[in-house]
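Trainee: model the structure of this input:
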Amino acid sequence: MSTARAATLALAGRFEAALAALTPSETRSEHGRWVRAYVAAARGQLRRAEQIAEPLARAATDRSVRHAACITLGSSLRQQGRHREASAWDRRALNLARTRSERAHALVGLAADAVGQFDVETCATRLSEAVDAAARTDLRVQIRIDWVRTEHALLTRRPSIAARAAGRALDRSRRARLRRHEAKSLLFLGVALAEARHPRAIATLERAGVLAERIGARAIERVARSVARRLARA
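Mentor: Prediction:
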């Protein structure tokens, strides 16, 4: 099915190719609409992602689409600072989960929601549960786990541990050829290096901005360049 190919392309950070892979009828299907929601979220079009994902998260006939839409909706809400709303959808995703991967992705989302609410203990608990649920061969969920490890370490003022976690995420992103994940991992690494006062921080953030711009991940690009500019002025 071209919807499966479109999903693979979207997750790899090839957004235009993902949308182009959908036929007109597939664009309107539940799977196709989730691909469009994911691409919108990845591009930083958060309100659009929310508008597409929420009806799917509530009422898609395919359980796996409902689960994926809940995860995408949670991510979009988090990026808007709406962490309590995000956690409600991530809990729904956890209830819908039927596989180790689905459970792990929902738990990672809940851990990230806790970071946004400065709840260190809940973050650590959910992160531990995600590690237990995740298969070691599932690189995408392992990358997301390392992102939240980075955030947790920064929240608890351990920048060197944060940098190690972000570095692992970067290595895994490159190994899996997930370009958006690579850009986001560079962003996390740059922030961790900045907190550690490492001289490579600005260069790492600039690399994140360049890659994010190249693939159209505008939200990552904006944050990376904003932090790099602030560090350069300091």
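Trainee: got a list of what Ser185 touches?
Mentor: Ile143, Asp146, Trp147, Ala166, Ala169, Leu170, Arg172, Ser173 (Cβ atoms under 8 Å, 6 or more residues apart in numbering). (Glycine included, C-beta is placed from N, CA and C.)
Trainee: roughly how far apart are the first one and Leu178?
Mentor: Same thing as Ile143. Applying Cβ to Cβ, to the nearest Å, the value for Ile143 to Leu178 is 7 Å.
Trainee: how about the fifth one?
Mentor: As judged by Cβ to Cβ, Ala169 and Leu178 stand 10 Å apart.
Trainee: same question for the second one.
Mentor: According to Cβ to Cβ, Asp146 and Leu178 sit 13 Å apart.
Trainee: of the two, which one has the most company?
Mentor: Asp146 (24 against 19; other Cβ atoms under 10 Å).
Trainee: and the more buried one, what element?
Mentor: Assigned by DSSP states H and E, Asp146 falls within helix 139-155.
Trainee: mind giving me the packing neighbours of that helix?
Mentor: helix 100-116, helix 120-133, helix 159-176, helix 179-195 (3 or more Cβ pairs under 8 Å, 6 or more residues apart in numbering; DSSP states H and E).
Trainee: just how off-centre is that helix within its chain?
Mentor: 10 Å (Cα atoms, centre = their mean, to the nearest Å).
Trainee: just the pLDDT for Met1.
Mentor: pLDDT recorded at Met1 is 60.
Trainee: same check, this time on Thr156
Mentor: 97.
Trainee: which non-adjacent residue is nearest Thr72?
Mentor: Distances taken as Cβ to Cβ, 6 or more residues apart in numbering put Ala53 closest to Thr72, at 4.7 Å, once the chain neighbours are dropped.
Trainee: pretty sure that neighbour contacts Trp34?
Mentor: Yes. Under the criterion of Cβ atoms under 8 Å, Ala53 makes contact with Trp34 at 7.2 Å.
Trainee: common neighbours of those two, please.
Mentor: By Cβ under 8 Å, 6+ apart, the residues touching both Ala53 and Trp34 are Ala69, Thr72.
Trainee: what residue ranges in this structure score low on pLDDT?
Mentor: 1 (pLDDT under 70).
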